[in-house]
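**Student:** Quick one, what's the 3D model for this:
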Amino acid sequence: MYSAIVTGGSGEIGSEICRKLCEKGYAVAVCYNTDRISAEELVGELVSGGYSAEAVKCDVRDPSQIREAVHRASLLGDLAVAVNCAGTALYAQIQDTDDEAVQDIFAANSIGAYLLCREAAKHMIPSHYGRIVSVSSMWGISGGSCESAYSAS
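**Tutor:** Numbering: from 1, shown residues only. Okay, here's the model as predicted:
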């Protein structure tokens, strides 16, 4: 059996991705950072539908949590899909955005995606198979008013 990991799996977009991956036959690690209840409800729904899924706590800003989440996903099956869907926004004018906030948003939206790719690749390259998908926002293309840090990340 193949497995998949979805960061931000408890969110609106992430949960739909998890459902579709299960329908395609993947065992899914539903990653969440703060919304454990939604992740567990989604896993309950998937398992009751006959699918294999597990809720996994993962703050993508923490490399050790990403390593652990990828490891747990690999225990569900051969890791074949990694989806970067976790993200955070920051609504503030650029002159009012402090350094900590900018570093935090880049850690979540950019560095976290990189870290998931790196850890997933460690499983995919030896098996000569894998897919990595990164979900982004339209603000990354056109920018958004009062969302300069988010748009840049």
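**Student:** what ranges do the strands span in this structure?
**Tutor:** In the chain, the strands defined using DSSP state E lie at 2-7, 27-32, 53-57, 78-84, 131-134.
**Student:** Starting from the shortest one, tell me which strands it pairs with and how they run.
**Tutor:** I take that to be strand 131-134. strand 78-84 (parallel) (DSSP bridges).
**Student:** For the strand it pairs with, C-alpha coordinates in PDB please.
**Tutor:** Extracted C-alpha coordinates of strand 78-84, given in PDB (Å, rounded to 0.1, in the frame of the first residue of the first chain):
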ATOM      1  CA  ASP A  78       5.400   3.300   1.100                       C
ATOM      2  CA  LEU A  79       5.400   7.100   1.100                       C
ATOM      3  CA  ALA A  80       4.400   8.100  -2.400                       C
ATOM      4  CA  VAL A  81       2.700  11.500  -2.000                       C
ATOM      5  CA  ALA A  82       3.500  14.600   0.000                       C
ATOM      6  CA  VAL A  83       1.300  17.600   0.000                       C
ATOM      7  CA  ASN A  84       2.300  21.000   1.400                       C
END
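**Student:** That one vs strand 2-7, what angle?
**Tutor:** Using axes from the mean of the first three to the mean of the last three Cα atoms, to 10 degrees, the inter-axis angle of strand 78-84 relative to strand 2-7 is 20 degrees.
**Student:** related to what we said a few turns ago, just send the strands of the chain back as a markdown table, with distance to I66 and mean neighbour count too.
**Tutor:** In this view, the C-beta of every residue, glycine as well, is placed from N, C-alpha and C. Listed next are the strands of the chain as a markdown table, based on distance: least, Cβ to Cβ, whole Å; neighbours: other Cβ atoms under 10 Å:
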| stretch | distance to I66 | mean neighbour count |
| --- | --- | --- |
| strand 2-7 | 8 | 29 |
| strand 27-32 | 9 | 29 |
| strand 53-57 | 10 | 22 |
| strand 78-84 | 10 | 23 |
| strand 131-134 | 13 | 14 |
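**Student:** for the record, mean pLDDT for stretch 53-65?
**Tutor:** Average pLDDT, stretch 53-65: 98.
**Student:** Quick check: end-to-end length of it?
**Tutor:** The first residue of stretch 53-65 is 18 Å away from its last residue (Cα to Cα, to the nearest Å).
**Student:** what sits up against it?
**Tutor:** 5, 7, 10, 18, 22, 27-33, 36, 39-40, 42-43, 46-47, 66, 68-69, 72-73, 76, 84, 86, 104, 107-108, 111-113, 115-116 (Cβ atoms under 8 Å, 6 or more residues apart in numbering).
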